[in-house]
Every structure is written in structure tokens, then in C-alpha cells.
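> turn this into a model:
(chains A and B)
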Amino acid sequence: MARGPDLIPIDDLVEASRPIKALLRRFAYLLLIGVAVTLILIGKIETVLIERVRANFSDVVAPILELLSEPVRLARTGAEHVVDLADLIEENERLTQENARLLQWRIFAKKLETENQSLKGLLRFDPGPKARFISARAIADVGGAFARAILLNVGESKGVRVGLPVMTGEGLVGRVVHVGARTSRVLLLTDINARTPVVIGDPPVRAILAGDNRDNPTLKFIDGDVTLEAGALIVTSGHGGVFPPGLPVGVIAGEVEGHILVQTFVDWRNLAYVRLVDFGPAEQSIDTLNQPPISQPPASVQP
Amino acid sequence: MNQATLETKTHLRPWFAFAVGVGFTAALTALAAAPWPIVIVGLVPPAIAHAAIFDLALRRPEAMPVIGAFMIGILLDVIAGPIFGLGAITALGAHFAATIQRRFLAPRGLAHAWIGLVATALALGAGSWLLASLYFIHVQPLGPSLAQVALTAALYPPVSILLRVIRSAAGLRNRRA
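Model (predicted):
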């Protein structure tokens, strides 16, 4: 049967590409492994370039990731609802007690607010800009066996910038390390590259919280020869301008093989929603080592 | 259907297989990157992409040529890789492992393929761990790598069955070695 003229170019193309294909097939693994190794080296030297590529790509795939993470979110919410239903009576009792406690706190807070206002008036105190919050959803767990990071569905278009602290209601999660137009990448406190200046307990002892890709980061470079007790509160110190001071991190969990392990306040398995906190320009974060952490009320108001 | 259409279809068939195999594996890779609440073994996601590459390279090589595996590896690196390029190397490793085991495993059932996958996942886990330790100049914890191998092994049978359904729906039958 005669061939149609439209098939000739395809045949020619296939014929012409045959030797090249054979050559590529023979050395395909070697060639591609060579490319991959080159990429590793480029990634090691040109981290900014690689991260820019990643940020741009993340922006492109973000809608897909968001779409795919939706069933995961729904399944998670559904499972939580089932658990909640099972504990309804217990939960109600707990909330009633909590409400009674909070009402007491409200009275204290009102009293303090009035006192605070009058003292500010006396001092002509300028509180500076208020913190701005950006709520975000984790659309991808971009960690793996050798990293701890998440991808958020907010980027430059929502005012996100590199360095912003990321928190949940419980405590500090990490900080924004790369920002795309619509997405941002957050390095978690537990990542092997994460180093967070913190203070422990009262009187405050300086240290560095170091991630090692496990759920419990460790404390390093502890200032002075001090004995740290399990349960001591750990908050950010504000040193180095990485984080503002006083953000709650966790408590000392104990010592294992000479390493002081930290139990973070954040539940790493439940990072569906987070908020980014913009405290304003970094120059405004001052060393307020002796200030109480924002998670804790002043001692004078504790009921 | 005339001869010209048939021949065009024959020419396009490998491309169609490629699009189905690589496209579906890419979708699985993106799905695996979603923040799943994995409470049993920590935060480590399973290497679904490697399982899919292994299975397709074993059962239907046209649907997962070596360049397809490389592309999936790059996708892994861009989405999630802590070391840009490591995902590409491991994806090529999964493809290579399937290729050298194809003659033995392809005519056999899922159980044999699963054993091959476990061996491959262990080798890839060990290789990745070594490379990551060298890259960071810091010995990486072994736990997450082992957890990833275990999760990948556990999820391979459903992934393999799913891929078989997809291949069947797309009219791509298994190739016998």
C-alpha cells in the first residue's frame, strides 16, 4: 500500500535518529549520572541559583500540590473529627474548666491593660509597629530522609520575605529560607542546617538549638558551666537577628548520650496550618535577653 | 482505519507509553510530597517515585525509559531534595536495578518483584545515606533512611497494582523479558 506523503518526514526522522539513539542508549546511564553529579556540585557551589530555580518551579507546581494536598487535608480533618466525637464529653468538661480559668485571666488582663495604658501615657512610650501575621497552609512536605522543610502556599505576593519566623499556636516552627511569587520554603528547627540562638530557663542561659533531622533537636554551645533541668523552658534569644527574642521553642526533654534533647512545642506531624510573623525590619529586634518570652504572662499576673 | 493512521499510531505508541508512565509517576511523586500525617515512623515520606520507576522499568520499559527516570529524579530534587541531584542519581539507580533484574523478575509475579524492590530500596537507601553524609560532612541518622525503605517496601504492592490498572486502562500490556 502506498504511503501518504505526510508519513515520509516521520520515517526520515526516525531513520536519521537511529544511530544517535543507539549511542545515547549505550551511554545513557553514564551520561545522566554525570549530569546528576554535575548538578550536585553546582548545588553545592551555587546554592542561590539552585534555590531560585526551585522557587520558580515551586510556583509553577504549587497549584497542583495544593490540589493534591486537599484530599490529604480532608482525610486528616475527617479523622480528627471522628476522634473528637469519641472524646466529646471529656472535651466538654475540659473546656468548661478552661473557660472558668480563662475568665479569671480576663479580669487580670483587663486590669493589666488599664495599668499598662496609664504607664505608657506617663512614659510617652512608643510601642513601634505591631507584628503582622500571615496565615498559610503547608502544601508539601519537602523534606525527606535528609532534610526537614515544608512548602507554604504564600509567597512574595502576600508580603512574605526571607527570614520571617514561622509559628503555630504552640510555638516556633522554623523560618522562611526561600520565597517565590506564590510559595515559600520553610526550614524547620529540626533540619540539620538549622541553628537557632536560644535562652533556657530563669536565670537565662544562652545556647544554640541545633537540628539533626530528628524530631528532637539538641542544645549546643551552652553558655557557662550550668546544670539544666528537664522541663526548663526554651525560647529564642534574638541574638544574631535570626529570630526575635522570646518566641517559644520547647522544653528540655532530657540527656541522651551526652546530648541535651529538646522537646519542641510544635507537633511536627501536624503542620497543616502555620502563621508567619512579621515583626518589622530586623534592625528593630534588639537584645532583650532579660525580657519575658511572649508565650508567658508576667509572673505578677499568674493566678 | 487506514494504513496511514495505523502507522502513525505505531510511531506514536512509545511516546504515548512514555507520557502515561512518566506523567503518572510525576503525579505520584507530587502526591507523595503532600504533607501526609505519617504518625508511625516519623516525618519521612516513602520513596513512591522509586517504586513506580522500578515497577515501570521492570514491566513496561517503554513507559519508563532512562531519560524518564532522570526527569522524575529532577522533579524529586526540585520539589523536595535536600541535595540537588541526589534524587536524579537514586532514580537512575532504581531504573538500573530494574533493568538488570528484568530478565529474571519480569516473567514472575508481584512477590518476586517485591523482593527485588526491597533489595533495590535498601541499596538506594544506603547509597543516599552515604552520599548525604559525605555532602553534609556529618554522619546522617540511619533511622529516617530505614523508615523510608520500610515505607517504600510496604507501599510497593499497591503502587504496582495501581500502575498495572493504569497500564491496562491505557492499553499498555506488560512486556515479557
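> grab the nearest non-local neighbour of the residue positioned nearest the centre of chain B.
Nearest to the mean C-alpha position of chain B, by Cα atoms, centre = their mean, lies residue B:53 at 2.4 Å. Here the nearest residue to residue B:53 in space, its sequence neighbours aside, is residue B:94; by Cβ to Cβ, 6 or more residues apart in numbering or on different chains that works out to 4.5 Å. Every C-beta, even on glycine, is put in place using the N, C-alpha and C of the backbone.
> that neighbour sits in which helix or strand?
helix B:86-105 (DSSP states H and E).
> now do the buried residues in that helix.
B:86-99, B:101-102, B:105 (16 or more other Cβ atoms under 10 Å in any protein chain shown).
> next SSE downstream of the helix or strand containing the residue nearest to the centre of chain B?
Using DSSP H and E, residue B:53 sits in helix B:48-59. Remark: after helix B:48-59, the chain's next helix or strand is helix B:66-79, criterion DSSP H and E.
> sorry, back to before: quick check: angle from the helix holding residue B:94 to helix B:66-79?
Relative orientation of helix B:86-105 with respect to helix B:66-79: 140 degrees, computed using axes from the mean of the first three to the mean of the last three Cα atoms, to 10 degrees.
> to the chain's geometric centre, what's the distance from helix B:86-105?
Using Cα atoms, centre = their mean, to the nearest Å, we find the averaged C-alpha position of helix B:86-105 to lie 8 Å away from the chain's own average C-alpha position.
> pLDDT weak spots in chain A?
Low-confidence segments of chain A, defined by pLDDT under 70, span residues A:1-8, A:10, A:127-129, A:281-303.
> for residue B:152, see how far away residue A:59 is.
Residue A:59 is 29 Å from residue B:152, where distance means Cβ to Cβ, to the nearest Å.
> more neighbours, those two?
Neighbour count, other Cβ atoms under 10 Å in any protein chain shown: between residue A:59 and residue B:152, residue B:152 has more, with 28 against 18.
> so, low pLDDT: which residues of chain B?
With pLDDT under 70 as the threshold, chain B has low-confidence stretches at B:1-12, B:35-43, B:172-177.
> again, only using 80
When residues are selected by pLDDT under 80, those of chain B lie in B:1-14, B:31-46, B:80-82, B:170-177.
> after the helix holding residue B:94, next one along is what?
In the C-terminal direction, the helix or strand that comes right after helix B:86-105 (DSSP H and E) is helix B:110-136.
> what packs against that following helix?
Counting contacts by 3 or more Cβ pairs under 8 Å, 6 or more residues apart in numbering or on different chains; DSSP states H and E, helix B:110-136 packs against helix B:48-59, helix B:86-105, helix B:142-169.
> reformat those helices as JSON lines; add distance to residue A:172.
Supplementary listing: the helices and strands packed on helix B:110-136 in JSON lines, determined by distance: least, Cβ to Cβ, whole Å:
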{"stretch": "helix B:48-59", "distance to residue A:172": "31"}
{"stretch": "helix B:86-105", "distance to residue A:172": "28"}
{"stretch": "helix B:142-169", "distance to residue A:172": "22"}
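> which of these sits closest to residue A:223?
Of all the helices and strands packed on helix B:110-136, helix B:142-169 sits nearest to residue A:223, with 30.4 Å by Cβ to Cβ.
> may I see the buried residues of stretch B:124-141?
Residues of stretch B:124-141 classed as buried under the neighbour-count rule (16+ other Cβ under 10 Å) are B:124, B:125, B:128, B:129, B:131, B:132, B:135, B:136, B:140, B:141.
> the second one contacts residue B:147, correct?
So the one you mean is residue B:125. No: under the criterion of Cβ atoms under 8 Å, residue B:125 lies out of contact with residue B:147, with a separation of 9.5 Å.
> what is in contact with these two at once?
When Cβ atoms under 8 Å, 6 or more residues apart in numbering or on different chains defines a contact, the residues bordering residue B:125 and residue B:147 alike are residue A:145.
> not counting its neighbours along the chain, what's nearest the residue in the stretch 51-200 of chain A that chain B sits nearest to?
Here the stretch 51-200 of chain A gets closest to chain B at one residue, residue A:147, 3.2 Å apart by Cβ to the nearest Cβ. Using Cβ to Cβ, 6+ apart and skipping residues adjacent in sequence, the residue nearest residue A:147 is residue B:82, 3.2 Å away.
> surely the one you found and residue B:131 touch.
No: with the criterion set as Cβ under 8 Å, residue B:82 and residue B:131 do not qualify as a contacting pair; they are 10.7 Å apart.
> for the spatially most central residue of chain A, give me its contacts.
In chain A, the residue lying closest to the centroid (Cα atoms, centre = their mean) is residue A:174, at 3.5 Å. Contacts for residue A:174 were tallied using Cβ under 8 Å, 6+ apart; they are A:148, A:149, A:165, A:166, A:186, A:187, A:188, A:189, A:191, A:194.
> just flag the most distant two among those.
Pairwise distances across the contacts of residue A:174 peak at 15.8 Å for A:148 and A:165 (criterion: Cβ to Cβ).
> these two: which is more packed in?
residue A:148 (29 against 22).
> now the contacts of residue A:174 in a markdown table, with secondary structure and distance to residue B:164?
Output for the contacts of residue A:174, formatted as a markdown table (DSSP: H, G, I helix; E, B strand; the rest coil; distance: Cβ to Cβ, whole Å):
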| residue | secondary structure | distance to residue B:164 |
| --- | --- | --- |
| A:148 | coil | 35 |
| A:149 | strand | 34 |
| A:165 | strand | 47 |
| A:166 | strand | 41 |
| A:186 | strand | 38 |
| A:187 | strand | 39 |
| A:188 | strand | 37 |
| A:189 | coil | 42 |
| A:191 | coil | 38 |
| A:194 | coil | 42 |
